[in-house]
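**Q** Here is my input, please return the structure:
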Amino acid sequence: MAVSNYVSRKTGVVLSTHDSCTNVGEIKYIESIEHSIRILNNDQVTKLVWENAKKYPFNAINWSYSKGDTYPAICVVLTKDLSNTFFKDDFTVKDGITKNKLYVALTRTAGDLYIMSSQQLDEALKQFE
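**A** Numbers count the residues shown, from 1 in each chain. Okay, here's the model as predicted:
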């Protein structure tokens with residue numbers, strides 16, 4: 001599934017033709033702690049977090065601060081609340097602020113889009129201690 005179709009399905013926001021033509025990447029779910037650590041250590045993948053990006057031991061940007069930017073590949077780290085529902089087929093975002101920030105985060109890539117749950121991040125961070 002194209003990233004633009006995925007973002008539209010997850011957020012309910014229909015991307016313009018321009019947006020849908022610029023991305024050639026794939027959606028990749030992080031499936032293991034090892035995969036999480038590889039992504040967090042990969043400087044070619046920009047990590048987008050909800051807030052407090054500077055507190056992490058890897059290079060990260062807050063979702064809202066990434067607005068208007070495009071990166072070769074991104075990893076969106078979901079919030080705890082989103083992590084509990086995001087992977088379900090009937091996922092919907094009801095809160096407008098969260099929906100807008102999620103849309104911004106998911107659309108920052110020109111390439112691959114990695115999705116990491118907050119629980120996976122917490123487990124991977126133990127390896128950085």
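**Q** Mind jotting down where the helices sit in this structure?
**A** Assigned by DSSP state H, the helices in the chain fall at 3-11, 17-22, 33-41, 80-85, 96-106, 118-125.
**Q** Can you give me the buried ones in the last one?
**A** By 16 or more other C-beta atoms under 10 Å, the buried positions in helix 118-125 come out as 118, 120, 121, 124. The way it works is simple: take the backbone N, C-alpha and C, and place the C-beta from them, glycine included.
**Q** model confidence over that helix, on average?
**A** Averaging pLDDT along helix 118-125 gives 96.
**Q** how far off helix 33-41 does that helix point, in degrees?
**A** Between helix 118-125 and helix 33-41, the angle comes out at 80 degrees (axes from the mean of the first three to the mean of the last three C-alpha atoms, to 10 degrees).
**Q** what about helix 118-125, distance to the chain center?
**A** Computed by C-alpha atoms, centre = their mean, to the nearest Å, the chain-centroid distance of helix 118-125 equals 14 Å.
**Q** model confidence over stretch 55-65, on average?
**A** The model assigns stretch 55-65 a mean pLDDT of 94.
**Q** Next, count neighbours for the closest residue to residue 79 other than its chain neighbours.
**A** Excluding its sequence neighbours, the residue lying closest to residue 79 (C-beta to C-beta, 6 or more residues apart in numbering) is residue 50, at 4.8 Å. Around residue 50 there are 20 other residues, counting by other C-beta atoms under 10 Å.
**Q** Next: residue 76.
**A** Other residues near residue 76 come to 24 when the count uses other C-beta under 10 Å.
**Q** That one touches residue 45, doesn't it?
**A** No - using C-beta atoms under 8 Å, residue 76 is not in contact with residue 45; the gap is 10.5 Å.
**Q** any shared contact partners between those two?
**A** Counting by C-beta atoms under 8 Å, 6 or more residues apart in numbering, the common neighbours of residue 76 and residue 45 are residue 114.
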